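Asker: sequence plus the predicted model coming up.
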Amino acid sequence: MNFWQINEFNKYLFLFNGTNAPLSYNIATGTLAAAGWTGPATVANLIQGWNYKTRQYAIEKNTTIFWYGAVGALTGAMTSFDLAQILKFSGNLLFGTSWSVNQGIASEEYTVIATTAGEILVYSGDWPAAANWFLIARVRIPDIIGPKAFKSVGSELYIYTKRGVIPLSKIISQS
């Protein structure tokens with residue numbers, strides 16, 4: 001994976017490509033630097049990032065592991081979370097994103113993780129080590145076309161597959 005994926009977090013752009021060390025671009029000053037994380041054995045193996053409840057997350061290339069930082073942290077130690085024992089189908093993590101769903105009176109924010117096998121996991125809670133972190137949905141969809149194959153529009157998350165575009169809320173409601 002040699003293309004760069006971008007995640008915006010706290011007025012910074014974080015760039016990942018799974019080959020080079022992630023970069024941090026300060027939008028206010030226009031400066032570019034190494035991201036400054038510790039934890040992953042090789043930070044260059046981080047391929048994609050997303051934000052969830054004021055923490056930054058990143059997927060490790062060709063694994064079932066994602067990493068997350070402290071609340072609001074731009075640098076510092078990241079903690080790993082391995083989904084190997086949770087996944088039902090073989091495959092590596094492809095992308096993660098947050099998903100804000102309108103529940104009528106208020107919106108609920110979830111984190112969504114997709115694998116190369118088309119398995120989608122939806123988590124609720126504050127972060128993986130929190131007591132309220134739990135898996136609320138698991139579905140399998142047709143092959144996802146790539147690591148950038150998703151888009152949030154309003155309160156819907158669309159995932160692009162080899163069989164068409166799938167709205168996540170429709171899949172969840174039918175499972």
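Answerer: Yes, it's here. Numbering: from 1, shown residues only.

Asker: how near is the residue nearest to residue 161 when sequence neighbours are not counted to residue 162?
Answerer: Residue nearest to residue 161 in three dimensions, not counting chain neighbours: residue 142, with 4.2 Å by Cβ to Cβ, 6 or more residues apart in numbering. From N, CA and C alone the C-beta is placed, and that goes for glycine too. Distance of residue 142 to residue 162, given as Cβ to Cβ, to the nearest Å: 5 Å.

Asker: same deal with residue 108?
Answerer: The value you get for residue 108 to residue 162, if Cβ to Cβ is used, is 30 Å.

Asker: just residue 35 next, same as before
Answerer: Taken as Cβ to Cβ, the span from residue 35 to residue 162 is 33 Å.

Asker: so the two - more neighbours on which side?
Answerer: Remark: of residue 35 and residue 162, residue 35 carries more neighbours, 21 against 11, as counted by other Cβ atoms under 10 Å.

Asker: pLDDT weak spots in the chain?
Answerer: Across the chain, the ranges flagged by pLDDT under 70 are 1, 102-106, 175.

Asker: please enumerate the helices of it.
Answerer: 168-174 (DSSP state H).
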